[in-house]
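1. Got a sequence here, can you build the structure:
(2 chains)
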Amino acid sequence: MIEFLSQPWAWYVSGPLIALVMFLLLWAGGEFGVSATLRSMCAIGGAGKKVNFFKFNWKSQIWNLVFVAGAVIGGFIADQFLYNPNALTLSQNTITDLANLGIVFDGTLVPTELFNWSNLFTVNGLLIMVVGGFCIGFGTRWAGGCTSGHAISGLSNLQVVSLIAVIGFFIGGLIMTHLIFPFIFK
Amino acid sequence: MKYIKYLFIGILFGIIMTKSEAISWFRIQEMFRFQAFYMYGIIGSALVVGIVIIQLIKRRQLKTLGGQPIQFKNKQFSIWRYLLGGIIFGLGWALTGACPGPMYTLLGNGFTIFIVVIVSALLGTFVYGLLRDRLPH
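-> As a prediction, this is how the structure comes out:
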C-alpha cells in the first residue's frame, strides 16, 4: 500500500483530489484560498496598527492558518513516509533548456543548487528567493488570490475576474521564463 | 477543537501537492515552457471536477457541517487589479517555482530555505497594504 502511494500520483488523480480539498474546505465552513493567510499573518504581526488593510478580525481566519499548518505537516508526512526514490520524470526538452541556462536537473523536486542557504546571499539567490517571494505576496494580494483562490475556486465558480487573474499569472510566468531567465542565468 | 478538521484537510492537501509533484520548481518550468501536459492536466481536471462540485452545491443547496448554507460571493468586475496583480504573482511563481500552497508544503518537505520565500511574501503583502490606495483596482 505504502509502496503504491509512494509513486508519483497521476494528474487525473491529483487534480480531482485538489477539487476534493476545495469541497472539504467549503463543507467545513471555510474556502480554498491559500494566499489570504499571508494577510492574516501580517495582521497578527501588528500591521493593522499602521495600515488599515490589515485592520480586520484575523481571528475569523484562524481556520485557514490551521489549514496551511496542515499543508506543512502533509509535506513532511509525504517526504518521510511516501518518499519516491526515483528521479522526477521531467520532459527532456525542459532538461535541455534548463541545462542551456546552466541549471542542472538532478532528479529532485527543487534545484538545490539555487535554493540553499549559501546561495541566498548572492545576487541570483536574492532575486530568486526574496524578489520572487515578494512578487508572490504583492501580486496575490493585489489580484485578490492565487492559484487556489482564482485558478481553482474562482474558475470553478465561473468568475470572469478569476479568468483575467489566471491569464495574468501566465503572462507573468511566461515573461519571467522566456524573457527574463536568459538574463538572470548565464 | 473546531479547527482540527482544517488541520486534517491541510495535511491531505500537503500530501496531494507533494505526490502530484506540483510543488516542484522543475514541473513549473515544464509548464511555462509548454513541454508537458502534466500541470495542465492537474489544473484542468481539478477545474472540471470543481465546476461540477460547485454546481451541485448550488443546485442541491448543500449546507456546511455546521448547518449553514454554503454561499459564494460574486467578485466585483475589474480588469486592472486582476491583470496587473496576476502578472506580478506570475513573475514570482516562475522565479520561485512555487505558489502560496507549495511554499508551505515545501517547508514540510525539508526545504527550509522556503521560509525565506514565505517571509518575503509576507513583506510583499505588507507593502501591497501600504500602497493599496495608490494602485488601480
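
2. need the helices for chain A, in chain order.
-> For chain A, the helices defined by DSSP state H cover A:2-6, A:11-28, A:36-44, A:62-81, A:92-100, A:123-125, A:132-143, A:155-156, A:160-174, A:181-184.

3. So which of those helices is nearest residue B:67?
-> Between residue B:67 and those, the tightest spacing by Cβ to Cβ is seen for helix A:11-28, at 11.5 Å. The C-beta positions use only the backbone N, C-alpha and C, and glycine is treated the same way.

4. List the buried residues in the closest one.
-> For helix A:11-28, burial by neighbour count (16 or more other Cβ atoms under 10 Å in any protein chain shown) applies to A:11, A:14-28.

5. Intersect those with the contacts of chain B.
-> A:11, A:14-28 (Cβ under 8 Å from any Cβ of the partner chain).

6. Counting neighbours, what do you get for the closest residue to residue B:117 other than its chain neighbours?
-> Among residues not flanking residue B:117 along the chain, residue A:133 sits closest, at 3.9 Å (Cβ to Cβ, 6 or more residues apart in numbering or on different chains). The number of residues packed near residue A:133 is 26, by other Cβ atoms under 10 Å in any protein chain shown.

7. List the contacts of residue A:133.
-> By Cβ atoms under 8 Å, 6 or more residues apart in numbering or on different chains, the contact set of residue A:133 is B:92, B:96, B:103, B:116-121, B:123-124.

8. which stretch of helix or strand covers the closest residue to residue A:20 other than its chain neighbours?
-> Leaving out its chain neighbours, the residue that sits closest to residue A:20 by Cβ to Cβ, 6+ apart is residue B:49, at 7.6 Å. Taking DSSP states H and E as the definition, residue B:49 sits inside helix B:38-60.

9. For that helix, C-alpha coordinates in CSV please.
-> What follows is the C-alpha trace of helix B:38-60 in CSV, where atoms were taken according to Å, rounded to 0.1, in the frame of the first residue of the first chain:
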residue,chain,number,x,y,z
TYR,B,38,1.2,17.2,-16.8
MET,B,39,0.5,20.5,-14.9
TYR,B,40,-2.3,21.4,-17.3
GLY,B,41,-3.8,18.0,-16.6
ILE,B,42,-3.7,18.7,-12.9
ILE,B,43,-5.2,22.2,-13.1
GLY,B,44,-7.7,21.2,-15.8
SER,B,45,-9.0,18.1,-14.1
ALA,B,46,-9.3,20.0,-10.8
LEU,B,47,-11.3,22.6,-12.6
VAL,B,48,-13.6,20.2,-14.3
VAL,B,49,-14.4,18.4,-11.1
GLY,B,50,-14.5,21.7,-9.2
ILE,B,51,-17.1,23.1,-11.6
VAL,B,52,-19.3,20.0,-11.1
ILE,B,53,-18.9,20.2,-7.3
ILE,B,54,-19.9,23.9,-7.1
GLN,B,55,-22.9,23.4,-9.4
LEU,B,56,-24.0,20.5,-7.2
ILE,B,57,-23.6,22.6,-4.1
LYS,B,58,-25.7,25.4,-5.6
ARG,B,59,-28.4,23.2,-7.1
ARG,B,60,-28.8,21.0,-4.1
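
10. Report the buried residues of that helix.
-> When burial is assessed from 16+ other Cβ under 10 Å, helix B:38-60 yields the following buried residues: B:38-39, B:41-43, B:45-47, B:49-50, B:53-54, B:57.

11. Closest to residue B:32 out of the ones next to chain B among the buried residues of helix A:11-28?
-> Proximity of these to residue B:32, judged by Cβ to Cβ, is greatest for residue A:11, which lies at 16.5 Å.

12. quick one: contacts for the closest residue in space to the closest one that isn't next to it in sequence?
-> In space, not counting the residues next to it along the chain, residue A:11 is nearest to residue B:41; the distance is 3.2 Å by Cβ to Cβ, 6+ apart. For residue B:41, the set of contacting residues under the criterion of Cβ under 8 Å, 6+ apart consists of A:11-12, A:15.

13. Next one, pLDDT for residue B:41 please.
-> With respect to pLDDT, residue B:41 has a value of 98.

14. burial measure for residue A:2, as a count.
-> Neighbours of residue A:2 using other Cβ under 10 Å come to 8.
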